[in-house]
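>>> I'd like to go over a predicted model; first the sequence, then the structure.
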Amino acid sequence: MPPPAEISRILRPALLVLAMAIAFPAWQGEAGQVSDAQVKAAFLFNFAKFVQWPGPTDGPLVIAIAGDDYFAEIVTQTIRGRNINGRELTARRLATGDDPAGCQVLFVGLTRPSDVADLMQRIHQPMLTVGETVQFLRDGGMVRFYLENNRVRFEISQKNALAAGLKVSAELLAFAAR
Amino acid sequence: MEFHVTMSSVALSNAIRALAFTVPVCLTAAVAAAQTTRPAPDLSTMSLEDLLTVEVVSAASKFPQEVKEAPASVTVVTSDEIRRYGHRTLADILRSVRGFYTTYDRNYAYVGMRGFGRPGDYNTRVLLLVDGHRLNDPIYDMAPIGTDFPIDVALIQRVEVVRGPGSSLYGTNAVFAVINVVTRTGAQLNGVRAEISGGSLGTRAGSVSVGQLFGDGRELLLAGSIYAASGAKSLYYPEYDHGAPAYGVATGLDHDDSKNLFGSWAVGHFTLAGAVASRGKQVPTAAFDSVFGDDRLKETDNRAYLNATYEGAVGHGWSLTGRLAYDYYGYEGVFPTDYGEPEPVLWLDHARSHMASGEITLRRRFARSHLVTVGSEVRRQFENSMSAEDNTGSVVDVQRPGTILGAYVQDEVRVFPWLLLNAGARVDRYPTFGTRATPRAAVVLLPRTQTAIKILYGRAFRAPNPYELYYYFAMKDRTLGPEEVRNTEVVWEEYISSRVRTSVSAFDYRVDEIIEQSALDDTGADLYFRNAGSVEGSGVEAEVEVKLARGLSSRLSHAYVRAHNAVSGVAVSNSPHQLTKLGLQIPAGVFFLGIEGQYVGERLTLAGEPLKGSVVSNLVLTSPPARRFSFTLGLYNVFNHSYWDPGAEEHVQQAIAQDGRTARARIRVRF
C-alpha cells in the first residue's frame, strides 16, 4: 500500500486557515437577523402587559432572569426606558442561590430539572414564571417558550397562574399555542 | 504490512504548535464577537400577534450556567450538532469531542481519553448513562458506544460529557468520564417520523418514531429502528496469509446488524422509560484464536431495561429524585476453534444478568449558601451467570449473584458570589472486596461573569467485574481489588461573549492496581486476571468554540498528553500524544454543510510498534429537519485516507485497517 503523503503536515495549517476563513463572515457582523433571545425578551415585555398581579400595583416591575446571563443582557436592552401602566421596568440577573424575592416576572433559563425545581421552591410571592424546559408547566411553571418552524411560540398553564393569584388576560391566552 | 516510523516530535515544539493553532482562532473569534454585538431591532414595539410571526434564523445556543459552574470540564453535544455532522453512532459523536479517540477492531468500538485506551479494554473506565440510567453491563462493565448502543442516535437530545473522576457520585466505572445521553421526549418529537437510510458497505437502516404530547401534559414516545450492514467485502490480513484456500482474505465476514425499541412515558413528575436492543457482529479478524475465514464467528449483545424516575419537590425545601430500574443483559459468542480435528469445533460462550436497582437522591439548600445532596443506591444482581461449552460439554459454568450498595453526599458552597467550593464523597460496598470510599473536591473561581477557573481533585475506582473474578478457572484461588485513580486538574474557561467560548485545561492522573489479563503458562490456556499495572498521564487541552446566530459555528480543539507505565516509564500502547479536532457548521441557504477534520497522532501497538497518525475528514449536507421531507447526505473519510487502529491481545494482527471513504444517505418523512 503506497504511503499517503504527510497529509497531517499540510492539512493542519490548511484547516486552521479554513477555520479563520469561516469566521470571517462574522467580521461583517449580522445584518437584520433576529435571534430567538430578542423575540423572547420582547414577549416577556408583552406578557407583563397582560398579567395582573394581586396586591399593590405601584413600584417598579422587576423581571428576573436566572441561568442565562446573555439573555439578561438582551432583556435589559429591550426594556430600557420602557414602562407598563406607569410602572418602571427593570431587569435583574439572578445568580445561583439568589432569592427571586421582589420580582414580578421570573425567567428560568436553567436546564437541569433539579435546578429548576430548586429555584421554583424558593418562590414565596405571586410571580409570573416563564421557562423553556420540556416539563416546565408540569413543574408548576406558568409560561413555556418553544420553537416551531423557526418561530418562537409559547404555551400557558392558566391553572398554575391562578394558583399563584395571577390573572392572565383572555387576550394573552388566545395567543398561546395550547 | 509496513508501519512508517515518523520522526519523534519534540514535546516543546508540539506545545508551541498547539498554541499557534488556537491563539489565532481565539483572536479571530474575539474580534468577531466584538463585531456581532449590535443593538437589537426594536421588537418591543411589536404586538403579540406580530411577534408570533417573526422568523428567527436559528436558535442562538446558550453556554449554560450549569456548565460554567460545574466542578468539571464539561462538553455538551446537541442534537443539532449530531444531525449536522452526520454522526451515525455514539462513537462518531465522541470522536468529535476534545481529547477523546476511538478504536475499532471490527467487533466493538472502544473509547479512549487522556491517553488511556488500552487495546481490548471494554470501555470499563467510562460510565455511560442514558437519562441518568447506568448502561455499563454488570458482567463485563462494557459501555456500548458503537452500533451496540441501544438507543437510535436520532433520538438523542444531547450528550453531556463530564470529564474526570465521577465515582464520588456514581461509583464504579466513572474513572475518566461520565457520559450522559439525554433522550428526546414525546413533546419534542411531536408527530410521526419515518426514516430510511442506505450507504456504502451494504448499509441499510430504517426507523419509525412516534411522539405525542397530550392535553394534560402527558408525553409518550415510541420508537423502533433496525440496521444492517454487510461491511467490508474483502479484508486482507497478511498475518493469516498461509496460501490456499483463503490467502488471508476474509470475504463477506464483516456483517453488523442491530435492532432497537425505545419508549418513554412522562406524566407529572414521573417518567417511565425502557429499551430493548439486540446487536450481532460477525468478526472477520479471527480474534480469540478462532479459525480464519469461518463465517460463524460472531458476538451478540442483548440489552433491555425499564427505568422509572420521580423528580420533584417534596416540601420543606427538599427536592427528591427517586429511581427504580430493572436491567437485563445477555451475551452470546460463537467461536469456531481449531482443536486439530477435521472440522472446527464451536466454542459457545454465554453470559446473562438480571439486575434490579433503586436510588434516592435528596437535595436541599441550607443557610442560603450550601446546596447539599445526599443519596443512596442499591444494585441487586439476581443473576450473573457465565457459561461456555464446546464439543466436550460444559467448560465454564458460573453463577454469582451479588448486591452492591452505595451512599454519597456532596456540598456545593457559595462562599462568595465569585467562589464556589464543592466537596463530596461516596462509599461503596461490594460483596467481593468490601468497602471503598472515593472523595472529590473542587474550587470554582468566577472573577467575572465570563470567566471560570476550576481547580479539581478527585479519586475514582473501577471494581473488578464478575467476568474478571469468576470466568477463568485459574481465578478460583485468587482475588481482585478495584483499580484506583487519582486525578488533579486545572481548567480555565472563558466565555468571551455569549457566542464565543474558550477553555484550557491541564491534568495529571495516576491509575493503580490496573486489572490485567495474564497467562499461567505460555500456551495461554490458563488465563487469569490480576491487579498489576500502573499508568501515569499528564497533558494539556485547549478548545475554542464560536456559535453565531446564523447557525454558523466552528469548534477547534487540541489535546496533548503523555501517558506511560508508572513503574517502568515505558510509553503506553494506543495512546496518541496529540488529538486535533475541527468542526464547522456552515449554513448554505436553508441547508447546512457540516465539515469535520480529526487528527489522531501516532500510537504504539501492543508490540510497541508505532502506527502513523491519521487525519479523517467528513463532509455532511443536511436539509431543515422541521420540513415534511428532510435528508442527510454524508461522506466520511472524504480523502480515503488509510489508517489503522491497534489490535488487542485477542488479535494476531498488530493493527487493524479501518474503512476508507464511505457514504451515507438518509431520508426522513414527518407526518
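Perfect, thanks for sending it. Residues are numbered from 1 along each chain as shown, chains lettered A, B, ... in the order given.

>>> report pLDDT for the spatially closest residue to residue B:161 that is not a sequence neighbour.
Leaving aside its chain neighbours, residue B:161 sits nearest to residue B:75 (4.5 Å; criterion: Cβ to Cβ, 6 or more residues apart in numbering or on different chains). Bear in mind the C-beta positions are built from the backbone N, C-alpha and C, glycine included. Residue B:75 is assigned a pLDDT of 91 by the prediction.

>>> hmm, residue B:97 and residue B:75 touching each other?
Yes - if you go by Cβ atoms under 8 Å, residue B:75 and residue B:97 touch, sitting 5.2 Å apart.

>>> so what's in contact with the two at the same time?
Contact criterion Cβ atoms under 8 Å, 6 or more residues apart in numbering or on different chains; residues bridging residue B:75 and residue B:97 by contacting each: residue B:161.

>>> count of residues packed around residue B:89?
18 (other Cβ atoms under 10 Å in any protein chain shown).

>>> excluding its backbone neighbours, what's nearest it?
Nearest non-adjacent residue to residue B:89, counting by Cβ to Cβ, 6+ apart: residue B:146, 5.5 Å away.

>>> before we move on, what about residue B:662?
Once flanking residues are discounted, residue B:662 sits nearest to residue B:200: 3.9 Å by Cβ to Cβ, 6+ apart.

>>> what about that neighbour, how many neighbours?
Per other Cβ under 10 Å, the neighbour tally for residue B:200 reads 17.

>>> ok, residue B:642 next?
Neighbour count of residue B:642, defined by other Cβ under 10 Å: 16.

>>> same question for residue B:516.
Residue B:516: 15 surrounding residues under other Cβ under 10 Å.

>>> what about it, helix or strand, and which?
Taking DSSP states H and E as the criterion, the element that holds residue B:516 is strand B:500-519.

>>> got it, and residue A:70?
helix A:69-79.

>>> flag every buried residue along that helix.
In terms of neighbour count (16 or more other Cβ atoms under 10 Å in any protein chain shown), helix A:69-79 has its buried residues at A:69, A:70, A:71, A:72, A:73, A:74, A:75, A:76, A:78, A:79.

>>> can you show me the helices along the chain?
Since no chain was named, I'll use chain A. In chain A, the segments counted as helices under DSSP state H are A:7-27, A:36-49, A:69-79, A:113-121, A:158-163, A:170-175.

>>> please refer instead to chain B.
With DSSP H as the criterion, chain B has helices spanning B:11-36, B:48-51, B:65-69, B:79-84, B:90-95, B:167-170, B:186-189, B:466-470.

>>> do the fifth one and chain A meet at all?
What that stands for is helix B:90-95. No - Helix B:90-95 is not in contact with chain A by Cβ under 8 Å from any Cβ of the partner chain; minimum separation 15.6 Å.

>>> what's that helix packed up against?
For helix B:90-95, the elements it packs on are strand B:100-104, strand B:109-113, strand B:156-163, strand B:177-183, judged by 3 or more Cβ pairs under 8 Å, 6 or more residues apart in numbering or on different chains; DSSP states H and E.

>>> now do it, average pLDDT.
97.

>>> likewise for stretch A:150-162?
The model assigns stretch A:150-162 a mean pLDDT of 87.

>>> stretch A:102-111 too?
For stretch A:102-111, mean pLDDT is 89.

>>> so for it, first residue to last residue, what's the gap.
Stretch A:102-111 has its terminal residues 23 Å apart, counting by Cα to Cα, to the nearest Å.

>>> distance from it to the middle of the chain?
Distance of stretch A:102-111 from the chain centroid (Cα atoms, centre = their mean, to the nearest Å) equals 8 Å.

>>> for residue B:253, see how far away the nearest residue to residue B:252 once chain neighbours are set aside is.
Excluding its sequence neighbours, the residue lying closest to residue B:252 (Cβ to Cβ, 6+ apart) is residue B:233, at 6.4 Å. Look at residue B:233 and residue B:253: by Cβ to Cβ, to the nearest Å, they are 10 Å apart.

>>> ok, these two, which is more surrounded?
In terms of neighbours (other Cβ under 10 Å), residue B:253 is the more surrounded of residue B:233 and residue B:253; the figures are 25 against 13.

>>> who's in contact with that one?
Here residue B:253 is in contact with B:231, B:235, B:282, B:283, B:284, B:293, B:295, B:297 (Cβ under 8 Å, 6+ apart).

>>> farthest pair within these?
Distance extremes for the contacts of residue B:253: the farthest pair is B:231 and B:293 at 14.6 Å, using Cβ to Cβ.

>>> quick one: residue B:89 and residue B:111 touch, right?
No - between residue B:89 and residue B:111 there is no contact under Cβ under 8 Å: 11.2 Å.

>>> can you point me to the longest strand in chain A?
The single longest strand within chain A, with elements called by DSSP state E, is strand A:87-94.

>>> that one: partners in the sheet, and parallel or antiparallel?
strand A:61-66 (parallel), strand A:83-84 (antiparallel) (DSSP bridges).

>>> please identify the most buried of the ones you listed.
With neighbours taken as mean count of other Cβ atoms under 10 Å in any protein chain shown, these reach their highest mean count in strand A:61-66, at a mean of 24.

>>> what comes into contact with it?
Contacts of strand A:61-66 (Cβ under 8 Å, 6+ apart): A:44, A:48, A:71-72, A:75, A:79, A:83-84, A:87-94, A:98, A:100, A:102-110, A:119.

>>> hang on, the earlier thing: the residue nearest to residue B:89 is in contact with residue B:91, isn't it?
Yes - using Cβ under 8 Å, residue B:146 makes contact with residue B:91 at a distance of 5.2 Å.

>>> excluding chain neighbours, what is closest to residue B:204?
Closest to residue B:204 by Cβ to Cβ, 6+ apart is residue B:198, at 5.0 Å.

>>> ok, the one you found - contacts?
Applying Cβ under 8 Å, 6+ apart to residue B:198 gives the contacts B:204, B:205, B:664, B:665.

>>> out of the residues you listed, flag the one nearest to chain A.
residue B:664 (22.5 Å; Cβ to the nearest Cβ).

>>> what's around the closest one, how many residues?
Number of residues near residue B:664 (other Cβ under 10 Å) recorded here: 19.

>>> still on that earlier bit, lowest average pLDDT across the helices of chain B?
Among these, helix B:11-36 scores lowest, with a mean of 51.

>>> returning to that earlier point: joint contacts of residue B:89 and residue B:111?
Here residue B:89 and residue B:111 share the contacting residues residue B:145, scored by Cβ under 8 Å, 6+ apart.

>>> residues contacting the residue nearest to residue B:124 when sequence neighbours are not counted?
Distance criterion Cβ to Cβ, 6+ apart; nearest residue to residue B:124, sequence neighbours excluded, is residue B:141 at 4.0 Å. Residue B:141 makes contact with B:122, B:123, B:124, B:172, B:173, B:462, B:465, according to Cβ under 8 Å, 6+ apart.

>>> just checking, the first one touches residue B:140?
What it means is residue B:122. Yes - between residue B:122 and residue B:140 there is a contact under Cβ under 8 Å: 5.1 Å.

>>> between the two, which has more neighbouring residues?
Neighbours were tallied for residue B:122 and for residue B:140 using other Cβ under 10 Å; the higher tally belongs to residue B:140 (21 against 18).

>>> if I look at residue B:254, how far off is residue B:659?
For residue B:254, the distance to residue B:659 - Cβ to Cβ - is 9 Å.
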